[in-house]
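> Could you look at this predicted model? Sequence included:
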There are 2 protein chains.
Amino acid sequence: MPNIQTTIPSIPGFRVAGVRAGIKKNGNLDFALIVSDSPGTAAGVFTTNQVKAASVTHNMALIAGNASRIRAVAVNSGCANACTGQQGMDNVHQTARWVAEHIDCAEDEVLVMSTGVIGTQLPMDKIKRGIELATDALDPSNWEAAARAIMTTDTRPKMVAATLEAANGKPYTVAGIAKGSGMIAPNMATMLSVMVANAPYAGALGSLLRTAADETFNRIVVDGDMSTNDTVLLLVNNESGAVEPPVGQYPDAVRAVSRQLAQDIVRDGEGVTKFITLYITGAPDSESARHIAHTIATSALVKTAFYGNDANWGRIIAAAGRAGIPLDPERMTLRFIPGESLERMDESVLLFANGMPTDYREADASAIIRQPSVLAWLDCGAGDGAATVWTCDLSHDYVSINAEYRT
Amino acid sequence: MPNIQTTIPSIPGFRVAGVRAGIKKNGNLDFALIVSDSPGTAAGVFTTNQVKAASVTHNMALIAGNASRIRAVAVNSGCANACTGQQGMDNVHQTARWVAEHIDCAEDEVLVMSTGVIGTQLPMDKIKRGIELATDALDPSNWEAAARAIMTTDTRPKMVAATLEAANGKPYTVAGIAKGSGMIAPNMATMLSVMVANAPYAGALGSLLRTAADETFNRIVVDGDMSTNDTVLLLVNNESGAVEPPVGQYPDAVRAVSRQLAQDIVRDGEGVTKFITLYITGAPDSESARHIAHTIATSALVKTAFYGNDANWGRIIAAAGRAGIPLDPERMTLRFIPGESLERMDESVLLFANGMPTDYREADASAIIRQPSVLAWLDCGAGDGAATVWTCDLSHDYVSINAEYRT
């Protein structure tokens, strides 16, 4: 995996801005604009929710018909523009038209994203003001403002970049911003993310992004809800002058950036106090492994036990058992390991084997679960299927944040 | 529907007890015994969890082989006896053997149920003591003690009875107790319940119980988790002397008792402050309707919005949209109605229609959602499928209860 950093440097060929358009009542940054200096190629993965925000419908159509001529992505937070009917659709087109006028391109070269409350119309006077302010503020180094402007209940901006070298010695950058926090479940793009790269990709950009998203953004769970607006976009131009990036390096960088952004979304999930890696092996196949992991990751009982620092592993076994996959408890083993990988295996505790608890010491299990990061390794003893899913606990703060979101 | 009452009178032909065996650390009642004076016929529905408690395996085998000669049901709370291997199985058999010795029947005439923490062995000295105490306390009027003895995090006992009259003028009773509270999701018996009747049923008892459970116990959601121990038992003897209960009356009574017990489980769910009826119509078929209802009922975002008295209906539409059922938002309508039925339709508020919010007044929606019971009626405009699911909100208390359960 390439080295990644959690700030984004100036990327030649892209200019960005994040401004206060007044959409959010609290006066925070709420409108971002990302502009490619030359027409870029875009790929996207979108929510599979039957109820799609107007901007999702717009972007899907644009990427299906005009993927090789994209100039800009406009993103607002504070209003999801979902469940808004024809007026919502008209507002997306108006947004794209205004952006096009300001940066001198065609309306169908502008992608639009929205996040926030469902069921209210976009405040178009504020969107217009946001576009004006953002156009003035465009700069290659403004990534942090853009990352902040797309936040809703996120507590910190999420930015990741990898800088690489092409065959002709030219440096190029793959970078991305994301917002997450709630309504996070893995099934096609589970939040908003915009990634960019300023070097050409030789293969099919759509399949590169789908593969990367499937292994990263689609492997995270905060609360099991899937949004109407979930979108990951990747916009690529040729402004670095890089020629023939080494085979494998480019996809690796896209995957590494995606993975870091996805994990950052979990770490900053609503009310999260603990980062949990679920590592499932020995399932009948990888799809089963993933389904078992997802069932555990969405279990309120598992999540509250982690929140309470309670090594109540029986809830993990019970959640696995209701995933609908044939399993034999006698062949299952469950182990807790501190951290996010198998590196600290020598500090692990085997909790369950041969259909019953092992003779582990409660103090040892408790010591692991009190760590800020815990890996739970469940081997099903039923095949070769494996999957990793990243998730978090369910805390009082999650309830507070979501009980009071609109008020 | 027959009239039901929420206490259970003496039922001729059954004797019950609820005692303190010392399994629960807090000294509460924790062992119940229900004895039929003559061999009864039993039916059961059991968890579909792949990880089944030892007692579930025992009961499934017994009902498959010996359903027409059941004398007793022994229930302990405080220990689920799940994930306990061969020793757990041996302990179930030992429990049945001791009960059989005390009430003078065969070991294979005794059903056993357990509820509590997963992954610890039954404390057999305490089980033995519980059986001795319970045998001494057996009495036809002891139902409340039995209902209390099967509670875990429940805050109140759940008892329901219907008294009916057979063709020969003899009164007979259909009654049941249940415990619920957490790990409640609809998929084959989602908690523990024992129902009894002292009149013969002419049809197939198993299919009577399955139908009733499917329309009641399998239509409730507290947190979406399914237990390793979920069981509903129905034990019927002929001690009332009732002959030929009117056709339809008996199944109606079983369904009414089941429904009231199931709803009581939701009302007393962990941390529950609001009782929510989800009424889905216009789905492609009834299975789709049920799946949409279940997806809404398990949405953490929907549940926290209800907890916060926030009429954030967009979360309901978004949850319906991710249920995996083809839906057209333009044809969907969503309406809130105070109470648990359509009775107060004239006080309802239409929130969403034609793909966008209606011009309802926020104060009107807010007034409904502040009620202790709210019905959300979602019409999908896509067919004739309908389903009702009963659920609740997700509160701070749910998190507290489950973060601190074992400690």
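Received the coordinates, thanks.

> Could you report the neighbour count for residue A:61?
Applying other CB atoms under 10 Å in any protein chain shown, we find 11 residues neighbouring residue A:61. To be clear about C-beta, it is placed using only N, CA and C from the backbone, and glycine gets the same treatment.

> what about it, which SS state?
Under DSSP: H, G, I helix; E, B strand; the rest coil, the three-state class of residue A:61 is helix.

> do the same with residue A:350
Applying three-state DSSP: residue A:350 is strand.

> what number of residues lie near it?
Neighbour count of residue A:350, defined by other CB under 10 Å: 15.

> Can you give me the pLDDT of it?
Here, the pLDDT recorded for residue A:350 equals 97.

> Contacts only, for it.
A:333-335, A:358, A:360 (CB atoms under 8 Å, 6 or more residues apart in numbering or on different chains).

> Now which of those would you call buried?
For these, a burial check counting by 16 or more other CB atoms under 10 Å in any protein chain shown picks out A:333-335, A:360.

> Look at the residue of the stretch 1-150 of chain A found nearest chain B and report its pLDDT.
Using CB to the nearest CB, the point where the stretch 1-150 of chain A gets nearest to chain B is residue A:118, with a distance of 2.7 Å. For residue A:118, the pLDDT comes out at 84.

> How about residue A:312?
88.

> can you check the one 10 residues further on too?
With respect to pLDDT, residue A:322 scores 83.

> these two touch, right, residue A:120 and residue A:84?
Yes. Counting by CB atoms under 8 Å, residue A:84 is a contact partner of residue A:120 at 7.4 Å.

> ranges for the helices of the stretch 1-150 of chain A?
Ranges of helices within the stretch 1-150 of chain A are A:54-66, A:85-103, A:124-137, A:143-149, based on DSSP state H, counting those that start in this stretch.

> how distant is the third one from the center of its chain?
Its chain's average C-alpha position is 26 Å from that of helix A:124-137, according to CA atoms, centre = their mean, to the nearest Å.

> What count of nearby residues applies to residue A:71?
Applying other CB under 10 Å, we find 24 other residues in the vicinity of residue A:71.

> my guess is it contacts residue A:33, does it?
No. Using CB under 8 Å, residue A:71 is not in contact with residue A:33; the gap is 10.7 Å.

> rewinding a little: in strands, which of the contacts of residue A:350 fall?
The members of the contacts of residue A:350 that map onto strands under DSSP state E are A:333-335.

> Whether the longest strand along chain A contacts chain B - can you check?
Using DSSP E, we find that the single longest strand of chain A is strand A:31-46. No. If you take CB under 8 Å from any CB of the partner chain as the test, strand A:31-46 misses chain B, and the best it gets is 12.7 Å.

> and residue A:71, what does it touch?
A:35-36, A:39-40, A:100, A:103, A:105, A:109-110.

> low-scoring stretches of the stretch 151-300 of chain A, by residue?
A:181-190, A:222-227 (pLDDT under 70).

> Can you pull the phi/psi pair for residue A:240?
Backbone torsions for residue A:240, taken as degrees, to the nearest 10, come to phi -80, psi -20.

> which ones are touching it?
Taking CB under 8 Å, 6+ apart, we find residue A:240 in contact with A:12-13, A:166, A:170-173, A:198-199.

> Identify the residue nearest residue A:109 in space, chain neighbours excluded?
Nearest residue to residue A:109, sequence neighbours excluded (CB to CB, 6 or more residues apart in numbering or on different chains): residue A:71, at 4.2 Å.

> Residue A:91 now?
Distances taken as CB to CB, 6+ apart place residue A:122 nearest to residue A:91, at 4.5 Å, with adjacent residues excluded.

> give me every residue that touches residue A:37.
Residue A:37 sits in contact with A:13-15, A:237, A:239, where contact means CB under 8 Å, 6+ apart.

> coming back round to it: which of the ones in strands among the contacts of residue A:350 lies at the shortest distance from residue B:206?
Closest approach between the ones in strands among the contacts of residue A:350 and residue B:206, by CB to CB: residue A:334, at 34.9 Å.

> where do the strands sit along chain A?
Remark: strands assigned in chain A by DSSP E are A:14-19, A:31-46, A:70-77, A:110-115, A:158-165, A:171-179, A:192-197, A:231-236, A:275-283, A:333-338, A:349-353, A:356-357, A:373-379, A:385-392.

> now the angle between strand A:70-77 and the first one, please.
Yep, that's strand A:14-19 we're talking about. Angle of strand A:14-19 versus strand A:70-77, following axes from the mean of the first three to the mean of the last three CA atoms, to 10 degrees, is 20 degrees.

> Same question for the longest one.
Strand A:31-46 and strand A:70-77 meet at an angle of 110 degrees, taking the same axes, to 10 degrees as the criterion.

> which parts of strand A:31-46 are buried?
Buried residues in strand A:31-46 (16+ other CB under 10 Å): A:31-36, A:39-46.

> Of all pairs in the residues you listed, which one is the farthest apart?
The widest separation within those (CB to CB) is 24.6 Å, between A:31 and A:41.

> my guess is residue A:255 contacts residue A:217, does it?
No. If you go by CB under 8 Å, residue A:255 and residue A:217 don't touch, sitting 10.7 Å apart.

> These two: which has the busier surroundings?
Neighbour count, other CB under 10 Å: between residue A:255 and residue A:217, residue A:217 has more, with 27 against 20.

> Distance check, residue A:288 against residue A:221.
To residue A:221, residue A:288 is 17 Å away according to CB to CB, to the nearest Å.

> between those two, who's got more neighbours?
Counting neighbours by other CB under 10 Å for residue A:288 and for residue A:221 shows that residue A:221 has the greater number, 27 against 23.

> Show me how chain A divides into domains.
Following automatic domain parsing, chain A resolves into domains at A:14-267, A:275-403.

> now those domains in TSV, with distance to residue B:208?
Shown next, in TSV, are these (distance: least, CB to CB, whole Å):
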stretch	distance to residue B:208
domain A:14-267	35
domain A:275-403	26
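
> of the ones you listed, which approaches residue B:145 most closely?
Checking these against residue B:145 by CB to CB gives domain A:275-403 as the closest, at 28.0 Å.

> List the contacts of residue A:257.
Applying CB under 8 Å, 6+ apart, the residues near residue A:257 are A:4, A:160-162, A:174-176, A:195.

> could you dump the helices of the stretch 1-150 of chain A to JSON lines with mean pLDDT?
What follows is those, written out as JSON lines (pLDDT from 0 to 100):
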{"stretch": "helix A:54-66", "mean pLDDT": "92"}
{"stretch": "helix A:85-103", "mean pLDDT": "96"}
{"stretch": "helix A:124-137", "mean pLDDT": "98"}
{"stretch": "helix A:143-149", "mean pLDDT": "95"}
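
> can you put the ones you listed in JSON lines and add distance to residue B:323?
Converted to JSON lines, the helices of the stretch 1-150 of chain A look like this (distance: least, CB to CB, whole Å):
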{"stretch": "helix A:54-66", "distance to residue B:323": "18"}
{"stretch": "helix A:85-103", "distance to residue B:323": "21"}
{"stretch": "helix A:124-137", "distance to residue B:323": "31"}
{"stretch": "helix A:143-149", "distance to residue B:323": "32"}
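
> the helices in the stretch 151-300 of chain A, which residues?
Using DSSP H, counting those that start in this stretch, helices in the stretch 151-300 of chain A cover A:205-215, A:249-267, A:286-297, A:300-307.

> tally of neighbours for the nearest residue to residue A:397 once chain neighbours are set aside?
Spatially, and ignoring its direct neighbours in sequence, residue A:397 is nearest to residue A:271 (3.1 Å; CB to CB, 6+ apart). The number of residues packed near residue A:271 is 22, by other CB under 10 Å.
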